[in-house]
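Undergrad: Fold the following.
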Amino acid sequence: MATKKLNTVFIVEDNAVQRSMLTDHFNKYPQIRIKEYSSGDACLKELISGNVAEPELVLMDYFLDSSFGASKDGIETLSKLKEIYPEMDVIMLTSVENEKIVELARKKGALDYVVKSAGSFEKLDAILKNHFSM
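TA: Just a heads-up that it's a prediction; the model follows:
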């Protein structure tokens with residue numbers, strides 16, 4: 001059941017093509033503002049510094065910062081986000097299909113976990129409709 005209004009979504013994805021595809025997908029929801037980040041650190045830094053308002057939802061890749069040589073993955077960023085913003089909803093949207101990682105993401109506070117595939121946008125839309133008023 002939809003519980004809160006979805007106004008802002010942060011997309012944390014180090015692959016520029018994937019970020020662009022997600023942003024394009026969200027264009028069908030004109031009331032939602034999108035902010036893109038190529039790393040978990042960039043997202044955290046901007047939130048902590050107060051340069052941006054807290055979003056209702058973060059879409060987070062598992063493999064992050066790989067092109068920057070950093071070791072932080074999506075689970076580490078998820079943990080830090082939930083530590084600072086416990087009410088923030090985070091959906092892991094990643095190519096990693098590993099039950100242990102899915103379980104860990106949920107344990108760390110992920111709202112859901114979507115594996116990138118041909119049907120991932122449909123699954124994402126269903127999750128959004130179940131948890132947010134749009």
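Undergrad: and the residue nearest in space to the middle of the chain, helix, strand or coil?
TA: Centroid check for the chain by Cα atoms, centre = their mean gives residue 59 as the closest residue, at 1.3 Å. For residue 59, the assignment made with DSSP: H, G, I helix; E, B strand; the rest coil gives strand.
Undergrad: What's the per-residue pLDDT of it here?
TA: Residue 59 is assigned a pLDDT of 97 by the prediction.
Undergrad: Name whatever forms a beta bridge with it.
TA: Taking DSSP bridges as the rule, residue 59 bridges to residue 11, residue 91.
Undergrad: Might you report the residue contacts of it?
TA: For residue 59, the contact set (Cβ atoms under 8 Å, 6 or more residues apart in numbering) comprises 9-13, 22, 90-91, 93, 124. Backbone N, C-alpha and C define where each C-beta goes, glycine included.
Undergrad: Which single one of these is nearest to residue 35?
TA: residue 10 (5.0 Å; Cβ to Cβ).
Undergrad: State the number of residues packed around that closest one.
TA: By other Cβ atoms under 10 Å, 23 other residues sit near residue 10.
Undergrad: quick one: low-confidence parts of the chain?
TA: Within the chain, the stretches with pLDDT under 70 are 1-2, 65-72.
Undergrad: quick one: the helices in it?
TA: Ranges of helices in the chain, per DSSP state H, are 16-26, 40-49, 74-84, 99-107, 120-131.
Undergrad: Now mean neighbour count and distance to residue 63 too, for these, in CSV please.
TA: Putting those into CSV (neighbours: other Cβ atoms under 10 Å; distance: least, Cβ to Cβ, whole Å) gives the following:
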stretch, mean neighbour count, distance to residue 63
helix 16-26, 15, 11
helix 40-49, 17, 11
helix 74-84, 19, 7
helix 99-107, 14, 11
helix 120-131, 16, 15
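Undergrad: can you put these in a markdown table and add distance to residue 32?
TA: Below are the helices of the chain laid out as a markdown table (distance: least, Cβ to Cβ, whole Å):
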| stretch | distance to residue 32 |
| --- | --- |
| helix 16-26 | 6 |
| helix 40-49 | 17 |
| helix 74-84 | 19 |
| helix 99-107 | 23 |
| helix 120-131 | 9 |
